[in-house]
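> need a 3D model of the sequence below.
(one chain, ligands or ions: 1)
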Amino acid sequence: MRVVQLSDSHLFKSPEGKLLGLNTEHSLSMVMDLIAAEQRHIDLVLATGDLSQDGSSESYNRFHQHMEAFACPVYWLPGNHDLTDMMANHQVAKRMSPCVIPLNGWHIIMLDSTIRGKVPGNFADSELVFLQQALQQSAGNNVLIALHHQPVPVGSEWLDQQIVGNAAEFFRIVDQFHNVRNIIWGHVHQAYEGERKGVKLMSVPSTCVQFRPKSFDFAVDRENPGYRWLDLHADGRIETGVSRVTGVDFVVDYSVRGY
Ligand SMILES: Nc1ncnc2c1ncn2[C@@H]1O[C@@H]2COP(=O)(O)O[C@H]2[C@H]1O
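Numbering: from 1, shown residues only. The predicted structure follows:
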């Protein structure tokens, strides 16, 4: 099963909108072109939050239009910049977190790690109850869990202040089950790969600006936008890779110290 993960497109109300000088509509289009060129068959697309920068109806409309390029189902979960209700209104097929997506011997569990109006992550009690029940119902399947915020530190002091606040409670539930293979997230605008108790942990580049890995303070990286692909095998193995747009010099204002 070929899964594609896209994240942090930060679209604005206007298609001219820029984040740190980068036109986010343009960079998402370039990533979509890259996926079209590289991926012959996709079974599932996961969009892991911050799809919009400003929560506007227009931004979700345009994100939805981009996703119509895919022949397979596309599921969304919110990030800290999203307005969950507004997102849900634009997800015509209601493919939104919290949900469980069955996929040929795998269960994909999509969770909402956002706190309304705040930047850092934290799971509401209802989300943890959902996770516990979803895992109980996933016996006999391999499990991939997707969320927006990082549940483990990625090694950047400023970003790791935004880690899922109750990650310990999250892992207390995950650790009860031996079929969780993979946890993926967005938010950190960089590719991270690690492992915890045999579970693979991964983040994805943003489709717009990138953050510099292992940076103490806010810092923008010179890597190009990209996406992650994952092959989920029936025996629980995962192959994965990150691909970035090449041959395009994106205009980014590296002097800006935040947004
Ligand atoms: N200089 C900064 N220091 C700390 N946090 C920041 C800074 N600039 C932006 N942020 C926040 O950190 C978030 C990280 O990713 P987001 O795209 O969610 O949006 C970012 C802002 O909400």
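
> contacts and neighbour counts: CA atoms only from here.
Fine.

> okay, the closest residue to K18 other than its chain neighbours: pLDDT?
Among residues not flanking K18 along the chain, T24 sits closest, at 5.9 Å (C-alpha to C-alpha, 6 or more residues apart in numbering). Note on T24: pLDDT of 98.

> do V256 as well
V256 carries a pLDDT score of 89 in this model.

> contacting residues for it?
L20 (C-alpha atoms under 8 Å, 6 or more residues apart in numbering).

> what residue lies at the spatial centre of this protein?
In the chain, the centroid-proximal residue (C-alpha atoms, centre = their mean) is T48; its distance is 2.6 Å.

> how close does that residue sit to F250?
23 Å (C-alpha to C-alpha, to the nearest Å).

> same check, this time on I109
Look at I109 and F250: by C-alpha to C-alpha, they are 34 Å apart.

> more crowded one of those two?
I109 (22 against 18; other C-alpha atoms under 10 Å).

> leaving out chain neighbours, which residue sits closest to the residue in the chain that the ligand sits nearest to?
Residue nearest to the ligand within the chain (C-alpha to the nearest ligand atom): G258, separated by 3.1 Å. Nearest residue to G258, sequence neighbours excluded (C-alpha to C-alpha, 6+ apart): F218, at 6.6 Å.

> so where do the helices sit in this structure?
Applying DSSP state H to the chain gives helices spanning 24-38, 57-67, 84-90, 125-136, 157-160, 167-174.

> and the last one, which residues are buried?
Translated: helix 167-174. By 16 or more other C-alpha atoms under 10 Å, the buried positions in helix 167-174 come out as 167, 170, 173-174.

> from the residues you listed, which is closest to D54?
Taking C-alpha to C-alpha as the measure, D54 lies nearest A167 of the buried residues of helix 167-174, at 26.7 Å.

> these two touch, right, that closest one and P153?
No. Assessed by C-alpha atoms under 8 Å, A167 is found out of contact with P153, at 10.3 Å.

> around R196, count how many other residues there are.
Going by other C-alpha under 10 Å, the residues that sit close to R196 add up to 11.

> measure it to V174 for me?
From R196 to V174 the distance is 11 Å (C-alpha to C-alpha).

> please apply the same query to Q65.
35 Å.

> how about the contacts made by the nearest residue to L20 once chain neighbours are set aside?
Excluding its sequence neighbours, the residue lying closest to L20 (C-alpha to C-alpha, 6+ apart) is D253, at 5.2 Å. Shown in contact with D253 (C-alpha under 8 Å, 6+ apart): 20-22.

> scan the residues you listed and report the most crowded one.
Neighbour-wise, the contacts of D253 (other C-alpha under 10 Å) top out at L20, 19 neighbours.

> OK, contacts around it?
Neighbour list for L20: 209, 252-254, 256, 259 [criterion: C-alpha under 8 Å, 6+ apart].

> tell me which two in the residues you listed are the farthest apart.
Maximum pairwise distance in the contacts of L20, criterion C-alpha to C-alpha, is 12.9 Å, between V252 and Y259.

> what about those two, which has more around it?
Remark: of V252 and Y259, V252 carries more neighbours, 19 against 6, as counted by other C-alpha under 10 Å.

> the more buried one contacts G21, correct?
Yes. Using C-alpha under 8 Å, V252 is in contact with G21, at 4.9 Å.

> re earlier: give me the neighbour count for the residue nearest to G258.
That count, for F218 with other C-alpha under 10 Å as the rule, works out to 17.

> wait, it touches W158, no?
Yes. With contact defined as C-alpha under 8 Å, F218 counts as touching W158 (6.3 Å).

> what's near enough to touch F211?
Contacts of F211 by C-alpha under 8 Å, 6+ apart are 188-190, 218-221.

> an error on my part: the question was meant for P205.
7, 186, 188-191, 225-228, 242.

> separation between I108 and E169?
I108 is 20 Å from E169, by C-alpha to C-alpha.

> scratch that, H41
If you go by C-alpha to C-alpha, the gap between H41 and E169 works out to 37 Å.

> same question for G17.
G17 sits at a distance of 38 Å from E169 (criterion: C-alpha to C-alpha).
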